[in-house]
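> need coordinates for the following:
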Amino acid sequence: MICRTSPYGTTISFAGCWLQMYIFDAVGLTECILFVVMAFDRYVAICYPLRYTVILSWGLCTQLSAGTWACGFFCSLIHTFFTMRLPYCGPNRVNHYFCEGPSVQNLSCLDTHVIEMVDLGISVFMVVAPLLLIVASYIRIAQAILKFKSMQARCKAFSTCASHLTMITFFYAPATYLYMRPNASYSSE
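Sure thing, here's the model as predicted:
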């Protein structure tokens, strides 16, 4: 239905596919790191509330934000570069609404073992490591919350973290299911 409403048809150029994959990956990888920054923000707000503005100064926030975007876009560039330099032959049709790494890699004529190892490295560095940092942050937050004497203070602290934990779950659960599986079990259909 979406393809039928597009005035440009159902095809996309090689450069368009490259750009689409680059932006999609860059924003997704940036979001992985941004969740870590947000977890750090929650950690400082709950564990060190009186020193919050000193620890998270505007300068540090600017550096964290710029570093997050730079790291996400750089890692996406590496992934996109390795994927798009593969030789493609045959019917270059992606059975998805947009160009994504695994579906484009399935079109390659050669073995994609090297790019799969690069993807694994990026996944560990940009997905697994941030998730472990988030878990460590929330373990420290839970330890601090359990030390609160007031039930009202505990509820307020937990409600501060609830929206962030919900977004982490909604982001990481599908991403892990879709992209952290071995390629042998991945279907481009």
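> only the buried residues of the longest helix anywhere in the chain, if you could.
Under DSSP state H, the helix in the chain containing the largest number of residues is helix 14-47. Within helix 14-47, the residues scored as buried using 16 or more other CB atoms under 10 Å are 17-18, 20-22, 24-26, 28-47. (C-beta placed from N, C-alpha, C; glycine too.)
> helices and strands around it, which ones?
Here helix 14-47 touches helix 52-55, helix 58-84, helix 101-105, helix 129-146, helix 151-179, going by 3 or more CB pairs under 8 Å, 6 or more residues apart in numbering; DSSP states H and E.
> ranking these by mean pLDDT, which is last?
Across those, helix 101-105 has the smallest mean pLDDT, namely a mean of 76.
> send me that one as PDB with only the CA atoms.
C-alpha atoms of helix 101-105 as PDB (Å, rounded to 0.1, in the frame of the first residue of the first chain):
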ATOM      1  CA  GLY A 101      22.400  -3.800   6.300                       C
ATOM      2  CA  PRO A 102      21.400  -7.400   6.500                       C
ATOM      3  CA  SER A 103      19.000  -7.300   3.600                       C
ATOM      4  CA  VAL A 104      21.500  -5.400   1.300                       C
ATOM      5  CA  GLN A 105      24.300  -7.800   2.300                       C
END
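> list the helices and strands that helix packs on?
helix 14-47, helix 58-84, helix 113-123.
> can you lay out the helices and strands packed on helix 14-47 as JSON lines showing mean neighbour count and distance to residue 117?
Below are the helices and strands packed on helix 14-47 laid out as JSON lines (neighbours: other CB atoms under 10 Å; distance: least, CB to CB, whole Å):
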{"stretch": "helix 52-55", "mean neighbour count": "12", "distance to residue 117": "38"}
{"stretch": "helix 58-84", "mean neighbour count": "15", "distance to residue 117": "10"}
{"stretch": "helix 101-105", "mean neighbour count": "20", "distance to residue 117": "12"}
{"stretch": "helix 129-146", "mean neighbour count": "16", "distance to residue 117": "17"}
{"stretch": "helix 151-179", "mean neighbour count": "13", "distance to residue 117": "15"}
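> so which of these comes closest to residue 11?
Closest to residue 11 of the helices and strands packed on helix 14-47 is helix 101-105 (CB to CB; 14.2 Å).
> state whether residue 80 and residue 21 are indeed in contact, as I suppose.
Yes: contact criterion CB atoms under 8 Å: residue 80 and residue 21 qualify, at 5.5 Å.
> got any residues that touch both of those two?
Common neighbours of residue 80 and residue 21, using CB atoms under 8 Å, 6 or more residues apart in numbering, do not exist here.
> pretty sure residue 104 contacts residue 17?
Yes: assessed by CB under 8 Å, residue 104 is found in contact with residue 17 at 6.7 Å.
> please tell me how far residue 35 sits from residue 145.
Going from residue 35 to residue 145 by CB to CB, to the nearest Å gives 19 Å.
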